[in-house]
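Participant: Got a predicted structure plus its sequence, pasted below:
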Amino acid sequence: METAAAKTYNIAHAFIGEIQYEAIATKKCLERVPEDKFEYKPHEKSFTMIRLAGHIAEMFEWITVTCTTSELDFAKGDYKPIEPTTTAELVEHLEKNLATAIETLKQTSDDEMMKDWTLKNGETTYFTMPKVQVIRSFALNHIINHRGQLSVYLRLNDIPVPSMYGPSADEGQM
């Protein structure tokens, strides 16, 4: 049996606990997206609730893409957003992407995490930065941002907002 002192940790492993923690709050929010409100949007420029929730579930896949590629070029892809028809499908997509991201991170070295990764659209480069930064900013912070937006959608529809980093107005404890 491996002792705690014998375990070796690297940058990617440090993300696993954080990703799992954020996934708990994310799953709570996605589970509350009611199918009869999938098409709700608070403003004409806003995503529908299901498109926003689907985007959040998809973003856990970005961790895997970041670790296993050197760039994402929108001009070369045929990206199609997920279109879940049930809340259960939405949550399943999150869980699948989360599991894959964790397995990928377990196999990602510090050297790989320090390699540059680029986001572009044809000749337009949006950014190039080390994969460790991409995971933090482009994936995790992005997920958290959109999860916050989704919590507002829930509030505007009188759906209880789950506790995330502390009690919410609807849930007095975590």
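Facilitator: Nice, I can see it. Residues are numbered from 1 along each chain as shown.
Participant: who are the neighbours in contact with the closest residue to Tyr165 other than its chain neighbours?
Facilitator: Closest residue to Tyr165 apart from its sequence neighbours, by C-beta to C-beta, 6 or more residues apart in numbering: Ala25 at 7.6 Å. The way it works is simple: take the backbone N, C-alpha and C, and place the C-beta from them, glycine included. Residues near Ala25 by C-beta atoms under 8 Å, 6 or more residues apart in numbering: 147, 162-165.
Participant: for those residues, which one is nearest Leu94?
Facilitator: The closest of the contacts of Ala25 to Leu94 turns out to be Arg147 (C-beta to C-beta; 10.9 Å).
Participant: what separates the helix or strand that the closest one is a member of from the chain centre, distance-wise?
Facilitator: Element membership of Arg147, judged by DSSP states H and E, is helix 142-156. In terms of C-alpha atoms, centre = their mean, to the nearest Å, the centre of helix 142-156 is found 12 Å from the chain centre.
Participant: for stretch 59-76, same thing?
Facilitator: 13 Å.
Participant: what is the mean pLDDT for stretch 34-47?
Facilitator: Average pLDDT, stretch 34-47: 97.
Participant: residue ranges with poor pLDDT in the chain?
Facilitator: 1-8, 173-174 (pLDDT under 70).
Participant: in it, which spans are helices?
Facilitator: With helices called from DSSP state H, the chain shows them at 11-31, 49-68, 87-106, 110-113, 131-133, 142-156.
Participant: Mind checking the ones you listed for the one nearest to Asp170?
Facilitator: Here helix 142-156 is closest among these (C-beta to C-beta), at 8.6 Å.
Participant: Which elements pack onto the closest one?
Facilitator: Under the contact definition 3 or more C-beta pairs under 8 Å, 6 or more residues apart in numbering; DSSP states H and E, helix 142-156 sits against helix 11-31, helix 49-68.
Participant: TSV for those helices, including distance to Thr124?
Facilitator: Formatted as TSV, these follow (distance: least, C-beta to C-beta, whole Å):
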stretch	distance to Thr124
helix 11-31	28
helix 49-68	19
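Participant: Deepest in the core, which of the ones you listed is it.
Facilitator: With neighbours defined as mean count of other C-beta atoms under 10 Å, the helices and strands packed on helix 142-156 peak in mean count at helix 49-68, which reaches a mean of 21.
Participant: which residues sit in contact with Ile143?
Facilitator: 22, 26, 56, 59-60.
Participant: same thing but at 10 Å, please
Facilitator: 19, 22-23, 25-26, 55-60, 62-63 (C-beta atoms under 10 Å, 6 or more residues apart in numbering).
Participant: Look up how far Ala101 lies from it.
Facilitator: As judged by C-beta to C-beta, to the nearest Å, Ile143 and Ala101 stand 11 Å apart.
Participant: Also Gly148?
Facilitator: For Gly148 relative to Ala101 (C-beta to C-beta), the value is 20 Å.
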